[in-house]
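# Show me how the following folds:
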Amino acid sequence: MKISFSRHAKRRAKLYKIPETVILEILGNMELSHGKHEIIKKVDGHKFSLKIVVDIKNDILTIVTNYPLRRGRKK
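Alright, predicted model coming up:
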């Protein structure tokens, strides 16, 4: 399966200092079917859990976005 990062996902990863290897490691351990998926995973070295949104079409996994999930954030 081919894995590609959207331009948005690359920018979010750079902004929040999330290495691509961490994202690929999380996705490598999962069995995903076609369609959109939201993955929330706690990762060592990050204060908050990471949220990764992926879309799978025609054997291509596209990472749409990724960012730290800040639950309970006050406005």
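
# what residue is smack in the middle of the protein?
By C-alpha atoms, centre = their mean, the chain has its centre lying nearest to I52, at 2.6 Å.

# mind listing the strands for the protein?
With DSSP state E, the ranges of strands along the chain come out as 2-5, 35-41, 49-57, 60-69.

# Can you list the buried residues in the first one?
By neighbour count, and taking 16 or more other C-beta atoms under 10 Å as the criterion, the buried residues in strand 2-5 are F5. The C-beta positions use only the backbone N, C-alpha and C, and glycine is treated the same way.

# One more: stretch 64-73?
The neighbour-count check on stretch 64-73 (16+ other C-beta under 10 Å) flags V64, T65, N66, Y67 as buried.

# What's the end-to-end length of stretch 53-63?
Taking C-alpha to C-alpha, to the nearest Å, stretch 53-63 runs 6 Å from one end to the other.

# same thing with stretch 51-62?
Length of stretch 51-62, first residue to last, C-alpha to C-alpha: 14 Å.

# now do stretch 20-37
For stretch 20-37, the separation between the terminal residues is 18 Å (C-alpha to C-alpha).

# For that stretch, which outside residues touch it?
Stretch 20-37 is contacted by residues 3, 5, 13, 39, 41, 43, 50, 52-57, 61, 63-64, 66 when judged by C-beta atoms under 8 Å, 6 or more residues apart in numbering.

# Against S33, how distant is I18?
Remark: distance between I18 and S33 (C-beta to C-beta, to the nearest Å) = 25 Å.

# the more surrounded of these two?
I18 (20 against 6; other C-beta atoms under 10 Å).
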